[in-house]
Each structure stands twice: as structure tokens, then as C-alpha cells.
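In: Okay, sequence plus prediction incoming.
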Amino acid sequence: MKLALKELRRRPGRFATATVILTLIAILLMFLGGLLDGLIASSTGAIRAQNADAIVYSDTAQASFVRSRIDPELRAQVEAVEGVTEVGGIGNVQLGARVPGNGPRDLASVALFGYELAPDGVPDAPPYGQAWADDSIKADGVEEGMIIEVGPARTPIAIIGFVADTNFNGQSSLWASPDTWRDTLSANRPDAQLGPDVFQALIVRGDGANLPDAIDAATGGATDSYSVDGAVAAIPGVTEQQGTFNQIIGVTVAIALVVIGLFFALLTVERTSLYGVLKALGAKSSTIFAGLVAQAVVVTAIAAFVAGTLVILLDLLLPPGSIPLLITPSRIILSVVLLLVAAVLGCSFSLRRVLRIDPASAIGTTS
Amino acid sequence: MTTAPAAVSTALQLNDVRKVYTMGDGSQVVALDHATLTLGSDEMVALVGPSGSGKTTLCSIAGGILSATEGTIVVGGEDISNHNAKELTKFRQDRVGFVFQSVNLVPFLNARENLLVVDELGKRTGAPARARADQLLEELGLADRAKNLPSQLSGGQRQRVAIGRALMNDPALVLFDEPTSALDTKLGEQVMELIQGEMKSRGIAAIVVTHDERITHYCDRSVHIVDGRLEA
């Protein structure tokens, strides 16, 4: 292994091509992962922020606010469930918003929530006509104190401050009182308007062991309840996005594995004579293979370090909200681990060849 | 068949050794046929024969690189006839030295490190190995070339580094595979003088495989091999 590391140090040019290719693959891997995380974060922030033990939709809603209706009678049944301590209504409408200073067609996409129980990081519901906005809306030129006009009815909403990481379905969330939300919904989506005290979903807090199941049982199946994690996964499109991106990430890791495998297989072929000599001198196959693995791991680690640095720089340089890129330490670490596993597996392609190198080849074959 | 006369102790003893290869079509090729050879503890033997005569096979068996089909092989008192691959690897690390035809130094290691490779692959003694490498380089006249890569050394110097590497594990037997084939006549003679001097001064036995009858006089005796059979 010491020998292999010396070769890396003294002949870096020999490994440059593989390092550059692996760096590009690592950048792609981390960027794809960052995009996936960014997309998921921008789709699920409003649900993740809920301080809830259960999120309750109506039975046929399939975890969609638009399709869900919770009337006061159903709410009362939920409130009566043993272990439930707090229940708050929540509703949502997704609209385009005109921002002062922007062109008439340059709309900001917003998801306006009306809420009774404040999510984590969001203050209590503001007075009528006002809203807290997710800070991603700043990318659309929205500033504190600005009044934006929401939907075709141009419902005015005053932005009184910003909150973080609460986006929904890729749109900037606005957090308003139930009345603000209900009136905005009626004005802009007359087909979807709701009566007084009717919400789309309920945020439930309590101390029951399995509150979602208990609620659904108590309502006789009239509700479809989730934990916060379950509700996040059930948001339409989230699982599909994750599946698609994870497949692309999987293919990228497979490409990394093939690149490493081919590179070290070629290197092994090129070194057959040297390895024959080393074996004749007493090197074990395991020692030679360990050296190959060490080289692959070091080359991959260097590529991953460079790629990680570049992706973090890219994340810092990109204007906020321009693309849904979220670079987290866990994503970088996961990418590095995947690449290192690919490096070790890729090297294993050369194991058979190393095992088959005959030390007798070092002293000629013809005499 | 040939036997060393009056050797007090032996570095190598091959008794009735055969090596038979089975080919893809099931036919058998006898590469070494009932070979018997004894080397005294500081004896140098030239193994002479044409291509395909079995020189390499004999060397490979004596050096623990190949296993014999039949016969007994004792090197430095160690019977390796029935050693498995792992035991042969250990044997090569500890008991035998090789100088290969094309020298075959590790190209990215300097002269000193090429000697230390033997220790790194084997016992890993550290400081004693470094001291021995320095001593060998000094004795081989390469002390001032210790930090040079093989590409920065002349052919003769590379050959001397290879000899130093073969001596690193204090072997009972050193096998030289065509040590002068890549050198001109003058340099070849110098290298043979060096080999003779080093082996004799250290009391180490050696087999020098060669096509070249002109260098056999540097050895104590010559053994000819034809079609796998040894002839005195």
C-alpha cells in the first residue's frame, strides 16, 4: 500500500485523467443530489414546518389540500379523539401574485396558507390582509412592507415579514389568517370556495401513541391522517421526483464505478510485468490489490473534495431562488460515500487479473 | 545430472525434479525431466541452454515461483517441495534473491527505495532494513546514487541496484536471469565481475542463467540443459 501511495505522489500525471473525470462525475452527483434536495425542500417546507402529531385530510383527498374538506362536524369528531390536545384548521390556495415594480406578466408563484396553529418558525397568524412570506419570494423582488396583489382578483396582501424554509409545491408560501385565506380563495377560485369554519385539513397535536390511526378509526374512515413525515411523502409528485432523481443518481454512481473499474483495469494490464516482479519478490496478491484499492480511494477522495468545494462555491454564487439547489453536508457526505463504494467495487474488476498474474512471468517464459 | 564436489553444506538441492505442463488439448509437455542438481553454499553455477530448454523452469522451481510435478527441492536447508502458494511466497520473501533479465526496477522508486521494497513486501523490519539498504548501496558503489530514480541511472548502475535488491533479504540463493543480455560486451563483463565478487565475498550461492558461453568462466562450473534434461 505504501508503494501504491508513493506512486500516486510521484506520478500524479498518471492519475490526472481519472481524477478529472471523477471530479466531473462527483460534481454531477452532488449537483443532482442538491437539486433533488432543493426540489423536495421547496415542495415540502410548509408541511415539514408543521408542529403536529397528525395532519388530517378528508378521506378521498389523497393528501391534497385542494381535494380535501373538513367541516366543523368532522373537526369535532377529531377533537374528541382520546389523546388529542390541540386542533387547528389549515387551508391553501396557489396563485400568481403581482409584485410592485415587476411587469404585468412577471408573476410570483405563491401558496397562500390560512392557519390557526402556527408552524415552527412562523409567528401567530397576522391580522386580516397581511401575511408572513417565505424568504424565497425575495428573488421576485418582494420586500417587507410591500403589498402584492394575489390571483386574478388582485387580492391585496401586505407582506409584514419573512420566514424560512416553508415553501410548498415549489412556490413561495404566504402565511395568513384563516379569514384572509378563505376570502382570497373565494375571490380567486370561486369553484373551490369554502363555507365559514370549513378548512381543507387539520393540524393535530396530542400525546396518543399512534394518533393518525386513532383519528381515522374515530371518524369511521372519513379522514385520511398522516404523521408529518407521512404527509411529506404523500404530497403529490414528491415520491415521483425522488424516484426519478434517485435513478439518475444511481446511473451516475454506476458510471463512476465503470470509469474507476476501466481505469484501474487498464492500469493493471499495463503493470502486469511490474506486478509479476513484485510477486516474484514475495508480494502477496492481497498486498497488490490493497494498493490498487488505496489508489482508487485516494483518487476518488481528491475528486470528491474538489467537486464538493466547487459545488459549495456554486451554491454560494447562485442568486437565491434562481434554481432549487440545496447543498447540505449530509448530501455531500452521502455522495462521497457512494463514490468511495463505487471506487472499491470498481477496483474489484481488477482483482481476478491481479490474482492471475504469474510471478514466473518476471523471469521470462521461453527458456 | 551434475553434483557439486565436496560441498560442506548445500544452498540448493534438486533431486529428480520433473515439471510437466498439461496443454489445452490434454497433451503433456515435459519442461524439466528428472533434474538433479546440487549447489554448494557459495557456489556459482552457469545454467546454459537454448531457448525453450527449461532454464527458466528450473530457475522458477529453485526460486519457489513454480511448484514441481515430482521431486525434491531443498533451498538453504528448507524443503519447499510440498509448499503451498502462501508458503512459497513467504519463502521468496526470506530465502531467495532474483535479478531479472530486464532488471525490472520499480520505476517510480529511487535506488534506495528499490532495495527497501523487499522489506516492505516481507518482514517490514524498518530501521534495520534501511541500514542494510544503505550498506549495500555503499558496497555496490551506489551511495551517491541512492536518491536517483532508475531512469537517472546507467544500465550498469541499474544492474547493481537489482543485485542489491536481490541481496536485501540475505538469501541462501540468488537467481540471475540473463544478467548481461541487455548490456554490451564490456559492460556485461563488468557486471559479471561484480556478480562474482559480490557472491563470493558474501558466500552466497548463485545460478546464472545465460545463452552466452563467454560469461560462463565467471562461474565455478557450467551446467547445460537441453529439452529439460541437465547435462554436466
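Out: Noted; the coordinates are in hand.

In: Every contact and neighbour count from this point should use C-alpha atoms.
Out: Will do.

In: what residues are up against the residue positioned nearest the centre of chain B?
Out: Using CA atoms, centre = their mean, the residue of chain B that lies closest to the mean C-alpha position is B:Leu175, 1.0 Å off. Taking CA atoms under 8 Å, 6 or more residues apart in numbering or on different chains as the definition of contact, the neighbours of B:Leu175 are B:59, B:63, B:96-99, B:206-209.

In: Distance of the residue of the stretch 1-150 of chain A found nearest chain B relative to B:Thr56?
Out: Proximity of the stretch 1-150 of chain A to chain B (CA to the nearest CA) peaks at A:Glu7, 6.2 Å away. For A:Glu7, the distance to B:Thr56 (CA to CA, to the nearest Å) stands at 30 Å.

In: Counting neighbours, go ahead and name the busier of those two.
Out: When neighbours are counted by other CA atoms under 10 Å in any protein chain shown, A:Glu7 and B:Thr56 differ, and B:Thr56 comes out ahead with 24 against 19.

In: For residue 35, the count of nearby residues, please.
Out: Because you didn't say which chain, this covers chain A. 18.

In: not quite, I wanted chain B
Out: A count of neighbours around B:Ala35, defined by other CA under 10 Å, yields 21.

In: cool, B:Gly77 as well?
Out: Burial of B:Gly77, expressed as a neighbour count using other CA under 10 Å, amounts to 14.

In: B:Lys90 touches A:Leu281, doesn't it?
Out: No. With contact defined as CA atoms under 8 Å, B:Lys90 does not count as touching A:Leu281 (9.5 Å).

In: Show me which of those two is the more surrounded one.
Out: It is A:Leu281, of B:Lys90 and A:Leu281, that has more neighbours when counted by other CA under 10 Å, with 31 against 19.

In: Let me know the helix or strand that the residue of the stretch 51-200 of chain A found nearest chain B is in.
Out: Closest residue of the stretch 51-200 of chain A to chain B, CA to the nearest CA: A:Asp165 (53.4 Å). No secondary structure element spans A:Asp165, as it lies outside all helices and strands (assigned by DSSP states H and E).

In: Run through the neighbouring helices and strands of the longest strand anywhere in chain A.
Out: Ranked by residue count, the top strand of chain A under DSSP state E comes out as strand A:84-98. Strand A:84-98 sits against helix A:72-79, strand A:108-115, strand A:147-150, helix A:178-188, strand A:201-206, with contacts defined as 3 or more CA pairs under 8 Å, 6 or more residues apart in numbering or on different chains; DSSP states H and E.

In: can you tell me which residues contact A:Thr60?
Out: Contact partners of A:Thr60, counting by CA under 8 Å, 6+ apart, are A:67-68, A:224.

In: which of the residues you listed count as buried?
Out: Among the contacts of A:Thr60, those buried by neighbour count (16 or more other CA atoms under 10 Å in any protein chain shown) are A:68, A:224.

In: Now, the contacts of A:Thr60 that are in helices?
Out: Among the contacts of A:Thr60, none falls in helices (DSSP state H).

In: Using TSV, please lay out the contacts of A:Thr60 together with pLDDT and distance to chain B.
Out: Shown next, in TSV, are the contacts of A:Thr60 (pLDDT from 0 to 100; distance: CA to the nearest CA, whole Å):
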residue	pLDDT	distance to chain B
A:Arg67	91	70
A:Ser68	94	71
A:Asp224	95	66
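
In: so of the contacts of A:Thr60, which ones are in strands?
Out: When the contacts of A:Thr60 are checked against strands (DSSP E), the matches are A:Asp224.

In: picking up where we left off before, Throw the helices and strands packed on strand A:84-98 into CSV and include mean neighbour count and mean pLDDT, thanks.
Out: What follows is those, written out as CSV (neighbours: other CA atoms under 10 Å in any protein chain shown; pLDDT from 0 to 100):
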stretch, mean neighbour count, mean pLDDT
helix A:72-79, 16, 95
strand A:108-115, 25, 96
strand A:147-150, 21, 96
helix A:178-188, 21, 95
strand A:201-206, 24, 95
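
In: can you give me the strands in chain B?
Out: B:10-22, B:28-40, B:44-48, B:70-75, B:78-79, B:96-99, B:173-177, B:205-210, B:221-226, B:229-231.

In: tell me the mean pLDDT for the first one?
Out: Looking back up the chat, that one is strand B:10-22. Throughout strand B:10-22, pLDDT has a mean value of 92.

In: What strands line up against it, and which way round?
Out: According to DSSP bridges, strand B:10-22 forms sheet pairs with strand B:28-40 (antiparallel), strand B:70-75 (antiparallel).
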